[in-house]
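Trainee: Sequence plus predicted model, see below.
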Amino acid sequence: MNEFVNPWLFCTSCHQEYQNELRIDIGTKFVSFVRRQYPQDTHKQVEALHVKLFALMKIFDRLQPVQKREAGVTANVLLSLIDRMRKDSPRVSMRYSAMGARAHGVHGRIALNEGTEESTRRAVVHFEKCLEVSKATGDADGIAAAKAKIAVAKSMYECVNHEELVKASQELYELRVAELGEENEYTIDAGKH
């Protein structure tokens, strides 16, 4: 599957990851290509939707409202296909479970972005689903990220012990430094919080 997906993530000439709007455009074209060429292949459709969703989330804070809605729709379709795969084969691979967790994370970020108490509570529900899947798959980074997001969201509507919030953020940052290094964009992003 990597051979199928990688040309949609990395330039075939310079091998650099596509960036920003180009990444989104290529992800969108990938989804269209797979729907047209492989309409019955759920695995390839899930992969293509994940590429598009990943592209949208890489620049989430800069997305226009219409693009954020597009991310939500893409996450819904992705979750629906993963659920269908689970019905066909209850032992869906950890890879697809992790993609489902990321889709819930997208819904959490969108809800958190709405800024109401009710939407923030919805965000916590989605982040808790991320945590559940991450625990089931043994994804340490996913666990740390979900805990940090839950703590941030809860701090917006509850009287939360800020030491817990700082601790969750610190754990995520330290994990990413160890796994990805200090210069990695995900490490830097974790360090900002």
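Mentor: Yes, it's here.
Trainee: Can you give the contact residues for the top helix by length along the chain?
Mentor: If you go by DSSP state H, the chain has its longest helix at helix 65-88. Applying C-beta atoms under 8 Å, 6 or more residues apart in numbering, the contact partners of helix 65-88 are 24, 31, 42-43, 45-46, 49-50, 52-53, 56-57, 60, 63, 92, 96-97, 99-100, 103-104, 106-107, 110, 113. No exception for glycine: its C-beta is placed from N, CA and C like everyone else's.
Trainee: Report the central residue of this structure.
Mentor: For the chain, the residue sitting closest to the mean C-alpha position, by C-alpha atoms, centre = their mean, is residue 102 at 3.0 Å.
Trainee: quick one: contacts for that one?
Mentor: Shown in contact with residue 102 (C-beta under 8 Å, 6+ apart): 50, 53-54, 57, 130.
Trainee: For stretch 11-30, buried residues please.
Mentor: Neighbour-count burial for stretch 11-30, counted by 16 or more other C-beta atoms under 10 Å, picks out 18, 23-24, 26-28, 30.
Trainee: I meant to write stretch 105-113 there.
Mentor: So, applying 16+ other C-beta under 10 Å, buried residues of stretch 105-113: 105-112.
Trainee: right, and residue 100 touches residue 133 too?
Mentor: Yes. Residue 100 lies in contact with residue 133 (C-beta atoms under 8 Å); the separation is 6.2 Å.
Trainee: Can you check what angle separates the strand or helix carrying the residue nearest to the centre of the chain from helix 65-88?
Mentor: Residue 102 is part of helix 94-114 when elements are defined by DSSP states H and E. Interaxial angle of helix 94-114 relative to helix 65-88 (axes from the mean of the first three to the mean of the last three C-alpha atoms, to 10 degrees): 150 degrees.
Trainee: after helix 94-114 comes which helix or strand?
Mentor: According to DSSP H and E, the helix or strand after helix 94-114 is helix 117-137.
Trainee: what sits up against that next one?
Mentor: Contact with helix 117-137 is made by 94, 97-98, 100-102, 104-105, 107-109, 111-112, 114, 139, 141-143, 145-147, 149-150, 153-154, 156-157, as judged by C-beta under 8 Å, 6+ apart.
Trainee: Can you tell me which of these are classed as buried?
Mentor: Buried among the contacts of helix 117-137 (16+ other C-beta under 10 Å): 97-98, 100-102, 104-105, 107-109, 111-112, 139, 141-143, 145-147, 149-150, 153-154, 156.
Trainee: Quick one: distance of stretch 95-110 to the chain centre.
Mentor: Relative to the chain's own centre, stretch 95-110 is displaced by 5 Å; criterion: C-alpha atoms, centre = their mean, to the nearest Å.
Trainee: oh sorry, the question was meant for stretch 91-110
Mentor: Mean C-alpha position of stretch 91-110 versus that of the full chain (C-alpha atoms, centre = their mean) differs by 6 Å.
Trainee: again with stretch 113-131
Mentor: Worked out by C-alpha atoms, centre = their mean, stretch 113-131 lies 14 Å from the chain centre.
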